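Peer 1: Provided below for reference: sequence and predicted model.
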Amino acid sequence: MMNIAQYLDSTYLKTPAQSGLSEEQTLQKDIELAQQAIDNGIFAVMIRPDYVSAVKKYIADRNSDVVVGTVIGFHKGTSSVEEKIAEAEKAIADGADELDFVINYSAYLKGNLDLVEEEFVKCTALCLQHHKIAKWIIEIAALTDLQIADITKRISGWAEENFDEHELSEIFVKSSTGFYETEDGKTNGATFEGIRIMLDNAGKLPVKAAGGVRTPEDAERMIGLGVKRIGTSSALALIKNQDSKEGY
């Protein structure tokens, strides 16, 4: 069986208000996520910015190289460029290794491409200057197939125009937040069709499939298609060859 743990971003992104937990209980869940990653060779944990500093210290104290990722502009992506930069600067100062930005897909849908390009270039440059990975969530459930192809291709083009070729492997295009509200039971995460479109248009940029990967077979299939990372709230179930019962 393929070792899928090395591809996984083990994810917990609910706020205390969303989960009904306290701040302390939320941090404890993040700590447990980190310990699972340490024990099982999971590549990364993906958590809210407020908990990065404590989780980073927990992992460092155990001499582990588990990566700590966080989200910026989450989950709607509509915060300003300045707000995203400020949030990213704090996350970097707190020790985040990877930053997953929600692209302003609302602005994209309105045709405000200058704004989308500006936030992509400025925020990505900040990450690369600090030797951090930047991932851009395009929220495929909010887009048509043609829009998925177009925005992925634009991100790839902006990356090649503004950054050195050796830096492109540090700039991901990512499918989903897991928080987008869909209608009629439509998935709000990665689909094989959506991921194929992203891969076909991402050029030299790696692709992350987030949400919707609920069985080990689905994970292996995504990896077979060419994704470099998978975001999931059920990383432990997947590596133990169990189907996920979680929503993301």
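Peer 2: Yep, it's here.

Peer 1: mind listing what's buried in the helix or strand hosting residue 218?
Peer 2: Secondary-structure assignment from DSSP states H and E places residue 218 in helix 216-225. By 16 or more other C-beta atoms under 10 Å, the buried positions in helix 216-225 come out as 216, 218-220, 222-223. Where C-beta positions appear, they are placed from N, C-alpha and C, glycine not excepted.

Peer 1: dump these to a markdown table, plus distance to residue 183 and pLDDT.
Peer 2: Converted to a markdown table, the buried residues of helix 216-225 look like this (distance: C-beta to C-beta, whole Å; pLDDT from 0 to 100):
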| residue | distance to residue 183 | pLDDT |
| --- | --- | --- |
| 216 | 29 | 94 |
| 218 | 23 | 95 |
| 219 | 27 | 96 |
| 220 | 30 | 96 |
| 222 | 25 | 98 |
| 223 | 30 | 97 |
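
Peer 1: between these, which is nearest residue 115?
Peer 2: Of all the buried residues of helix 216-225, residue 115 sits closest to residue 222, with 30.8 Å by C-beta to C-beta.

Peer 1: run through the bridge partners of the one residue sitting closest to the centre of the chain.
Peer 2: What sits nearest the mean C-alpha location of the chain, by C-alpha atoms, centre = their mean, is residue 100, with 4.6 Å. Per DSSP bridges, the residues bridged to residue 100 are residue 71, residue 135.

Peer 1: so it sits right up against residue 72, yeah?
Peer 2: Yes: between residue 100 and residue 72 a contact is recorded at 6.8 Å, counting by C-beta atoms under 8 Å.

Peer 1: pLDDT score for residue 45?
Peer 2: Per-residue confidence (pLDDT) for residue 45: 98.

Peer 1: measure it to residue 3 for me?
Peer 2: For residue 45, the distance to residue 3 equals 18 Å [C-beta to C-beta, to the nearest Å].

Peer 1: between these two, which one's more packed in?
Peer 2: residue 45 (32 against 9; other C-beta atoms under 10 Å).

Peer 1: with adjacent residues omitted, what lies nearest to residue 200?
Peer 2: With sequence-adjacent residues excluded and distances taken as C-beta to C-beta, 6 or more residues apart in numbering, residue 200 is closest to residue 149, at 7.1 Å.

Peer 1: all good on my end, thank you.
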